[in-house]
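>>> Structure for the following, please:
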Amino acid sequence: MPSQNPFKVPELLDLCISCLESPSDLISCALVARSWVHPAQSNLFRAPGEADDFFISRDTMAENLADTLTAFPHLIRYVRVLRIEPSSDLSGFTLRGLCEIAFTHVDILTLNLHIVFTPTTIELLEPVLQLPTLRHLTMYSSSCYADTMRVLTLCSPSIKHLDLECWSGSTEAVLPAPSERQAPSFRLTSLQLFISDDLSFSERALWSSPLPFDVSAIKAISTGIQSPFPWHTIHRDLIQILELSMQEDQNKPFDLSLFPNRRYLSFHNIPAQLSLLLPTLKTIQKTNPHSIHTITISLTSKPTACAELDLLLGKLGSPLAAVEFELRDKLTANVERLFPRLVEQKMFRSIHRSPSLVEARWRDLVESV
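Modelled structure (predicted):
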């Protein structure tokens, strides 16, 4: 019996084409045979613009995408990841066309907004914010913080993961305040939060007010130790993933024992002296130290007190599978020798991640809880 051509097996064909990243390669595949069209087009339009690591919302690219999807509406169902970054004003024709497309399968949306919200921009964004398939929303906003929160009240209840980054921008609210208290728009499983240090006291105080999202069932958090995160509103025993950014002027260690079921810990912006990291890690011993599977430590300079850190982490033992050190290129050489106990226990890992890989890693982590 003659062997079957592997490229005629749909599953093998899908797997092979999914390994391609270049848009030109995927376009070429779509022209090979009818059986190649679907897998090639589905991979080409799954995340438009991500292959070249820039946002689709550059005006020309956004216009091309909107024109293509309008002319060939059967391609809309392939779009799973959508990234929008207006260069100036959302009322422009190109972005208006993109936001008005009736996406049917988008589950990840990124909005990089260097603009001030207006009623017109909200009207344009509302259809994509309310997509019933949307699960993961990333928003970078330099608009008034109160306006950013009001925009979140418009979001789809299907959202489970929110990455929110707020810079200091306009301080005056433009959008009208709601006439009455509104129930949270969506219930989160994960929240990644960055709030710039120069937010006003009144803007930080908004975190003491009812939020536009429900965090009572949250399982993954990424935030700064000094950020105005509403820790009092969460069930800490549900937290499995905890990612903390440390500030040099922070004197009090973070008590990890308050989260007894944490299994993944990550620390960023670590000062070289490890003056805050070491006492924070020591709090693990208070409750259930054996619940942790992975610890990631991001280093920007060669740390001191490595011997103490090596001893402390080595004592955690099984089931701790690995201690990952995210390193700058200049730190690669000779770092391994600073942690002999971790190396001996085969727990030491040194890794490098680009910003896009860091983003992908967080998404993979939160989808696992």
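>>> neighbours around residue 220, how many?
When counting by other C-beta atoms under 10 Å, one arrives at 23 neighbours for residue 220. Any C-beta I mention is one placed from the backbone N, CA and C, and that applies to glycine too.
>>> cool, residue 217 as well?
Neighbours of residue 217 under the rule other C-beta under 10 Å: 12.
>>> what residues are up against it?
187, 188, 189, 235, 238 (C-beta atoms under 8 Å, 6 or more residues apart in numbering).
>>> Just give the number of residues close to residue 364.
Residues within reach of residue 364, counting by other C-beta under 10 Å, total 9.
>>> I'd guess residue 244 is in a strand, am I close?
Yes - secondary structure assignment places residue 244 in a strand (DSSP: H, G, I helix; E, B strand; the rest coil).
>>> So in terms of bridging, what pairs with it?
Under the criterion DSSP bridges, residue 244 forms beta bridges with residue 223, residue 267.
>>> gap between it and residue 7?
From residue 244 across to residue 7, the span is 48 Å (C-beta to C-beta, to the nearest Å).
>>> Show me which of these two is the more surrounded one.
More crowded of residue 244 and residue 7, by other C-beta under 10 Å: residue 244, with 21 against 14.
>>> Please enumerate the helices of the stretch 201-350 of the chain.
201-205, 277-282, 306-314, 340-344 (DSSP state H, counting those that start in this stretch).
>>> Against which helices or strands is the longest one packed?
Contact partners of helix 306-314 among helices and strands, from 3 or more C-beta pairs under 8 Å, 6 or more residues apart in numbering; DSSP states H and E: helix 277-282, helix 340-344.
>>> Of these, which stretch is the most buried?
Sort these by mean neighbour count, taking mean count of other C-beta atoms under 10 Å, and helix 277-282 sits at the top with a mean of 18.
>>> I'd like the average pLDDT over that one.
If you average the pLDDT over helix 277-282, you get 89.
>>> any low-confidence regions in the stretch 101-250 of the chain?
Scanning the stretch 101-250 of the chain for pLDDT under 70 picks out 168-183, 196-209, 226, 247-250.
>>> again, only using 80
Counting by pLDDT under 80, the stretch 101-250 of the chain contains low-confidence ranges at 113-118, 142-146, 167-184, 195-210, 225-230, 247-250.
>>> Now do the strands in it.
Taking DSSP state E, counting those that start in this stretch as the criterion, the stretch 101-250 of the chain carries its strands at 108-113, 136-141, 161-166, 186-187, 190-195, 213-214, 220-224, 241-245.
>>> Redo these as CSV? Include distance to residue 123.
Compiled in CSV, the strands of the stretch 101-250 of the chain are given as follows (distance: least, C-beta to C-beta, whole Å):
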stretch, distance to residue 123
strand 108-113, 15
strand 136-141, 17
strand 161-166, 21
strand 186-187, 20
strand 190-195, 27
strand 213-214, 22
strand 220-224, 31
strand 241-245, 35
